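Chemist: build me a model from this:
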Amino acid sequence: EKLWEKEDGQRAAMKEFEEGLIAMTYPDGEGNKPRKIVIVIDELDRCRPDYALSLLEVIKHFFAVPHVHFVLGVNLAELQNSVRARYGAGIDAAKYLQKFVQVTLKMNAGESQTGIVNAGARYFDYLRRQPEYKGVLTGEILRYLERMAFSNQISLREAERLISLTILCPYKGMHDNDLERFALAGLLILSVSRPDWIARIRQEGLSAEAPLNYFGFDVRSKSHSDHWERTAYWIWTLALDRSAEIPREDRQAIPKGLNIERSMRVKILNGFCERNLDMFTLVGLG
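Modeler: The predicted structure is shown next:
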């Protein structure tokens, strides 16, 4: 009897809550034009998996009344991981979330006045222009971001983290040359988007082809009309594929100052890694 009394009390509370929501949507009384209520929940995917899914269930059961809408700012892939964490890897996470999400809209940055279409690059460009953000290598980083494919573009959260790294980067002690500037700019991006690659680079276990493709350089092309593309292409080839010899026919494309023998490249790049890659690990933990 006590159990049913408690259950009846909960049902009555839910009914009262529902009636209160309906009253809020009709401030001028029923029969008049309703007022829509829109509730925005951001970064739900960053919550603990059980909490995120419980919140979705609360929304579905307690707020399922006309004219009350929820907008979720969420990374759906991460939210699907939360579903799998609770119910197991065998569940169809995308189908499960359809019980809660009726319409999904992908964020499209459009094209900015500077011609940047990539959402992550556009946001990074906005941040670097703010007076409170005075980082280093932001121009070089933006060149990388602009050419990256849609599937590789950084998220808005990663753009914010990347700006923080440019501010914290101890760049003053470095030599001001293309090799270090472009290599450091690329490594800063990887430190937020592909930190596993940073670890592999330190162990000399990553082929240059992976980041070249990631950043949109054509590894099959032997002629690069754009000076920056040609420079950055060979920087990554030299910096990451340290044991490889450069084919003689390809050396003509190497900018002046970078056409050096393998033994010297290994010495220079090992020194560069000792000065900078350890720093990436430290800054990346901040």
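Chemist: ok, now which ones touch the residue nearest in space to the middle of the chain?
Modeler: The centroid of the chain falls nearest to Ser155 when counting by Cα atoms, centre = their mean (2.8 Å). Residues in contact with Ser155 (Cβ atoms under 8 Å, 6 or more residues apart in numbering) are Asn75, Gly120. In short, each C-beta sits where N, CA and C put it, glycine included.
Chemist: tell me the spacing between it and Leu187.
Modeler: To Leu187, Ser155 is 19 Å away according to Cβ to Cβ, to the nearest Å.
Chemist: all helices of the stretch 1-150 of the chain, in order?
Modeler: For the stretch 1-150 of the chain, the helices defined by DSSP state H, counting those that start in this stretch occupy 2-25, 49-62, 76-87, 93-97, 119-128, 138-147.
Chemist: out of the ones you listed, nearest to Asn213?
Modeler: Between Asn213 and these, the tightest spacing by Cβ to Cβ is seen for helix 138-147, at 11.6 Å.
Chemist: report the distance from the closest one to the chain centre.
Modeler: The chain centroid and the centroid of helix 138-147 are separated by 15 Å under Cα atoms, centre = their mean, to the nearest Å.
Chemist: what do you get for stretch 146-154?
Modeler: Distance, centroid of stretch 146-154 to centroid of chain: 10 Å (Cα atoms, centre = their mean).
Chemist: and what of stretch 85-101?
Modeler: Offset of stretch 85-101 from its chain centre (Cα atoms, centre = their mean): 23 Å.
Chemist: between the two ends of it, how far is it?
Modeler: One end of stretch 85-101 sits 19 Å from the other (Cα to Cα, to the nearest Å).
Chemist: contacts for that stretch, please.
Modeler: If you take Cβ under 8 Å, 6+ apart as the criterion, stretch 85-101 is touched by 49-50, 53, 56-57, 59-60, 72, 76, 79-81, 83-84.
Chemist: please identify the buried residues of it?
Modeler: Buried residues in stretch 85-101, defined by neighbour count with 16 or more other Cβ atoms under 10 Å: Ala93, Tyr96, Leu97.
Chemist: between the residues you listed, which sits nearest Tyr144?
Modeler: For the buried residues of stretch 85-101, the closest approach to Tyr144 (Cβ to Cβ) belongs to Ala93, at 32.3 Å.
Chemist: ok, now how distant is the closest one from Asp42?
Modeler: 21 Å.
Chemist: ok, Tyr87 next?
Modeler: Look at Tyr87 and Asp42: by Cβ to Cβ, they are 24 Å apart.
Chemist: same thing with Thr237?
Modeler: In this view, Thr237 and Asp42 are 41 Å apart by Cβ to Cβ.
Chemist: check Phe182 too.
Modeler: 35 Å.
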